[in-house]
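Colleague: One predicted model, sequence on top.
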Protein chains: 2
Amino acid sequence: MTHSPARTGADLLCEALLAQGVDHCFANPGTSEMHFVAALDRQPRMRCVLGLSEGVVTGAADGYARMAERPASTLLHTGPGLANGLANLHNARRACTPMVNVVGDHATHHAEHDAPLASDIESLARPMSHWVARSTSAAGLGELAAQAVQEAATPPGRIATLILPADHAWSPVDVPAPPLRPRPQPLPPREAALAEAAAALRQPGAVLMIAGRALRDEGLTLAARVCATTGARLLTQQANARIERGLGRVMIDRVPYVVSQALATLKDTRCLVSVGAKAPVGFFAYPGKPSSMLPPGCPVVVASTPEEDGVAALRELAARCGAGADAHRPMLAQRRDLPLPTGALTAAAVAQAVVALMPEQAIVCDESVSSGRDFFPLSWHAAPHDYLQLTGGAIGLGLPLATGAAIAAPQRKVITLQADGSAMYTLPALWTQARERLDVVTVIFSNRRYAILHGEYAQVGAGAPGANARRLFDLVDPALDWVKLAQGLGVEAARADTAERFGDVLASALKRSGPFLVEAVI
Amino acid sequence: MTHSPARTGADLLCEALLAQGVDHCFANPGTSEMHFVAALDRQPRMRCVLGLSEGVVTGAADGYARMAERPASTLLHTGPGLANGLANLHNARRACTPMVNVVGDHATHHAEHDAPLASDIESLARPMSHWVARSTSAAGLGELAAQAVQEAATPPGRIATLILPADHAWSPVDVPAPPLRPRPQPLPPREAALAEAAAALRQPGAVLMIAGRALRDEGLTLAARVCATTGARLLTQQANARIERGLGRVMIDRVPYVVSQALATLKDTRCLVSVGAKAPVGFFAYPGKPSSMLPPGCPVVVASTPEEDGVAALRELAARCGAGADAHRPMLAQRRDLPLPTGALTAAAVAQAVVALMPEQAIVCDESVSSGRDFFPLSWHAAPHDYLQLTGGAIGLGLPLATGAAIAAPQRKVITLQADGSAMYTLPALWTQARERLDVVTVIFSNRRYAILHGEYAQVGAGAPGANARRLFDLVDPALDWVKLAQGLGVEAARADTAERFGDVLASALKRSGPFLVEAVI
């Protein structure tokens, strides 16, 4: 068989993605995707980034879109390839990240043969996708791709999964790619909802909970003014896709992860007014504890849904509450002289050093799980930065998220706060960081355990862990050597076991370019 | 909350698994599984093996069951945890491996709150499971577990997935675990099918294709006698869960992976007689090539289905064909003096050294993908061994499979033939090998590329790979350092880049106990 220059369905798909503004493809292809790869080869405008497992691919596409504010595509190989990427698709779905997944499948005529890699891709895709479609013809791939991008870009952001049979990819086509479609806009806020919300905010015990785009400077400032004027309390969700934080920005608290702390935080709430936020629920249920973190009977007033324009809603609420720019001034984060920590290296010392040393406009990707809880309350005093979080609880997001964020924002430094247990899920992301020469500094909280499970075992009332539980919770015997793991993947690394050493290593890591990993033995 | 000694649904589930003969639990638990972990703590008879990602967990459970011939259980955390394990569940399903998955979910009363980790577990589980059930009460968990084990153990072996809401795990129960149920047996072969098959085997151009349990000594010997008597040709599938191979055993060929070779192998076939085998189809479809590897119109006679007793079918066929023990003697593999290879290290040299040095009763786990194709035709001349293969095409099985096989057969040496690209999917399996001190020698075929994709790109007629394709196919810039990766996970390792050095390293690795990794730079 010789190379055929005929334009294929895969070319059409690739052209259509580019025409709709999707020019990054995070990929781990297989045989059924070879024609799509050939199409990518003919399209140097499409930047292809290889992930050495699909969890890297989908997590990086998430990080990219959170910073680029437009969807990337992924390229995944049949049902099992999609399956490997589902956990980070789950996180992306919870983050309202726009993403277009292209999942290659067997040629249509091959399906009846139940070849070894055949599986029910739709059933796998649906739980983590807002939209799933299977191509029905090569010539239809342009329209389908345009539709997928529209779906993905529909506010607040959706997961669109397009299943591509190999024969549609390889068949010749002569239809053009559809032109750029207008980007879907958020719905306008509803008058009645705003009126109800404005009234509720003036009542004692009101909490204004904001999420989504409202967590950037403009929304935060509007929300803070509303709260300063009405006396309502400003809060956000426990986990969010992206918050603008640091010096000079509005200080906003989040609902704590630990149920008893969340209940305590919200105990005086008489009404929750939501701007794109979910009413707070326990991350897990526990015997004898409530699922909702709000006091029993506490009403929830939805000022705007996630599909609506939260910033516009806040602008309206500010106007209705008389919270103009010259009204009460919200408290903004101010510099606090944070010395570099000394002595034993603890999770708190790591947080303190990162806050002290973080450069301007860093992007912090946080999958520090239990170890990183000291960082959030301190990081107001850090230089202005974007803060990206694990949103869906499916561990293994941190390293890929940072990888994608760095690709979207090459001029900014990315800092990953990464728990050791979770990092093992998508370790090969470090290799992509090395290959793409990304400016990412990874801090591994090396506590050599699933520390959160020790906490949760106590939380559920199971007492002290016995032999089987300890074998399931502790990452010892042998300990993981993070310096060697990073070096094995082409990333320079160093270990720190005192606060002084950690400060030194981090400072020099932040000054150099390219990826670096610090193992913080805490 | 203090420790409650009350017996819970989780205890009942654990007791029921043990009562049904399931005493290994490969696990990566989360918060919703804490009560099951507490139950495991109270049951020291249950051996708990931690995998640092769920692909390790399900792949190890597969390897365990292929050697132990009974199901292990897995413990997985909610939808995303299951999702991470699906690719190797897919392989296990294709291998007809018995397995019981316990997937923890939110408490039933928590479901309505759509907490961050909530997802449609059933939709995720079904494509890779034969049986999916959700617990409906704590007291019913004993019966449900017994049913799950029965389902899993139903020949030829099935994937049973049991969804466990946290409140069923934590609620008190006072019902006993059901007693051991009789293990389901394969169905007897059908008279009419055997008669048709016996007649077909005597025709010219007949191929006897066997699979499943028939690939152990007894079935192989019977099948070889049938073929020696009738003149039929003996073959097996391209991929199989387990074959007994090596010196003194029946030499059986398999259908090649490459379509042109498979078509050539089968071109003179006039009738295919199947004992538990699938009619051969292309692993993938290619433009202008057929899906079926059989000549057009070639009939397939099913002597026995996978659910039926293949060895009994072969015994019957032997009797009907007059192929007694004193009939034609099949050719058995004989020793061939294989010198240790010298010079440049190639995939063929690796195969030759492994064959020459392999100890008696080794277990070979093969995920060498394109690099290992030299091994199969050579390994007749190796000491008797079991040969376990990637069955479903979902890469990332090799290291976990070896881990589970070593746990099931602690007195035997396990040798993993592992492609580098595939190894990156489930790398943390090496850590479990270190922790459990397993006798596994891993050979990494370090060709620094997805070599199979280079081949497939040519196969589909896409020409020479361009810049984007090369960036997706080649694992260079940086190269992976397998010695450091292994050491980072607590496994000793060495690199070899000549045939002599490889022979030396492999020989010493096979003599020591505990895990070892050899990076074969080919």
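Modeller: Sure, I can see it.
Colleague: Count the neighbours of A:Ala351 for me.
Modeller: Neighbour count of A:Ala351, defined by other Cβ atoms under 10 Å in any protein chain shown: 26. C-beta here means a position set from N, CA and C on the backbone, and glycine is covered the same way.
Colleague: Can you tell me the SS state at it?
Modeller: helix (DSSP: H, G, I helix; E, B strand; the rest coil).
Colleague: Let me see the contact set for A:Val518.
Modeller: For A:Val518, the contacting residues are A:441-444, A:493-496, A:502, A:505-506, A:509, by Cβ atoms under 8 Å, 6 or more residues apart in numbering or on different chains.
Colleague: which element is it on?
Modeller: strand A:516-521 (DSSP states H and E).
Colleague: That strand pairs with which strands, parallel or anti?
Modeller: strand A:440-446 (parallel), strand A:492-496 (parallel) (DSSP bridges).
Colleague: thinking again about what came up before, possible to save the contacts of A:Val518 as a markdown table with pLDDT and distance to A:Glu316?
Modeller: As requested, the contacts of A:Val518 are exported to a markdown table (pLDDT from 0 to 100; distance: Cβ to Cβ, whole Å):
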| residue | pLDDT | distance to A:Glu316 |
| --- | --- | --- |
| A:Val441 | 98 | 41 |
| A:Thr442 | 98 | 42 |
| A:Val443 | 98 | 41 |
| A:Ile444 | 97 | 45 |
| A:Ala493 | 98 | 50 |
| A:Ala494 | 98 | 51 |
| A:Arg495 | 98 | 53 |
| A:Ala496 | 98 | 49 |
| A:Phe502 | 98 | 47 |
| A:Val505 | 98 | 49 |
| A:Leu506 | 98 | 43 |
| A:Ala509 | 98 | 45 |
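Colleague: For chain B, state which of these is nearest.
Modeller: A:Ala493 (9.8 Å; Cβ to the nearest Cβ).
Colleague: count of neighbours near the closest residue in space to A:Leu430 that isn't next to it in sequence?
Modeller: Excluding the flanking residues, the one nearest A:Leu430 by Cβ to Cβ, 6 or more residues apart in numbering or on different chains is A:Leu489, at 4.2 Å. Residues lying near A:Leu489 (other Cβ under 10 Å) number 28.
Colleague: ok, A:Leu489 to A:Arg134 distance?
Modeller: Distance, A:Leu489 to A:Arg134, using Cβ to Cβ, to the nearest Å: 36 Å.
Colleague: and if you look at A:Arg45?
Modeller: Distance from A:Arg45 to A:Arg134, by Cβ to Cβ: 27 Å.
Colleague: low-confidence ranges in the stretch 351-500 of chain A?
Modeller: The stretch 351-500 of chain A contains no residues with pLDDT under 70.
Colleague: and what of chain A?
Modeller: Residues of chain A meeting the criterion pLDDT under 70: A:1-5, A:327-329.
Colleague: did I read that right, A:Arg126 in a helix?
Modeller: Yes - per three-state DSSP, A:Arg126 lies within a helix segment.
Colleague: tell me the contacts of it?
Modeller: A:Arg126 neighbours (Cβ under 8 Å, 6+ apart): A:132, B:120, B:123.
Colleague: Among those residues, which one has the most neighbours?
Modeller: Most surrounded of the contacts of A:Arg126: other Cβ under 10 Å gives A:Val132, at 21 neighbours.
Colleague: So which residues of the stretch 101-250 of chain A form helices?
Modeller: For the stretch 101-250 of chain A, the helices defined by DSSP state H, counting those that start in this stretch occupy A:121-125, A:141-153, A:166-170, A:191-201, A:217-230.
Colleague: Export these as TSV, with columns for distance to chain B.
Modeller: Compiled in TSV, the helices of the stretch 101-250 of chain A are given as follows (distance: least, Cβ to the nearest Cβ, whole Å):
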stretch	distance to chain B
helix A:121-125	5
helix A:141-153	16
helix A:166-170	5
helix A:191-201	21
helix A:217-230	22
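Colleague: Including distance to A:Ser73, could those helices go into TSV?
Modeller: What follows is the helices of the stretch 101-250 of chain A, written out as TSV (distance: least, Cβ to Cβ, whole Å):
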stretch	distance to A:Ser73
helix A:121-125	15
helix A:141-153	9
helix A:166-170	14
helix A:191-201	35
helix A:217-230	28
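Colleague: picking that back up, just flag the most distant two among the contacts of A:Val518.
Modeller: A:Val441 and A:Arg495 (14.3 Å; Cβ to Cβ).
Colleague: Out of these two, name the residue with the larger neighbour count.
Modeller: When neighbours are counted by other Cβ under 10 Å, A:Val441 and A:Arg495 differ, and A:Val441 comes out ahead with 24 against 18.
Colleague: Name the nearest residue to the more buried one, sequence neighbours excluded.
Modeller: Leaving aside its sequence neighbours, A:Val441 is closest to A:Ala509 (4.7 Å, by Cβ to Cβ, 6+ apart).
Colleague: Now do the SS call for that neighbour.
Modeller: Under three-state DSSP, A:Ala509 comes out as helix.
Colleague: interface residues of the stretch 301-450 of chain A facing chain B?
Modeller: With Cβ under 8 Å from any Cβ of the partner chain as the criterion, the stretch 301-450 of chain A meets chain B at residues A:391-394, A:396, A:421, A:424-425, A:427-428, A:431, A:434-435.
Colleague: can we see that at 7 Å?
Modeller: Applying Cβ under 7 Å from any Cβ of the partner chain, we find that the stretch 301-450 of chain A lies next to chain B at A:391-394, A:424-425, A:427-428, A:431, A:434-435.
Colleague: now the stretch 151-300 of chain A
Modeller: So the stretch 151-300 of chain A meets chain B at A:166-167, A:170, A:239, A:281-285, A:287, A:291-292 (Cβ under 7 Å from any Cβ).
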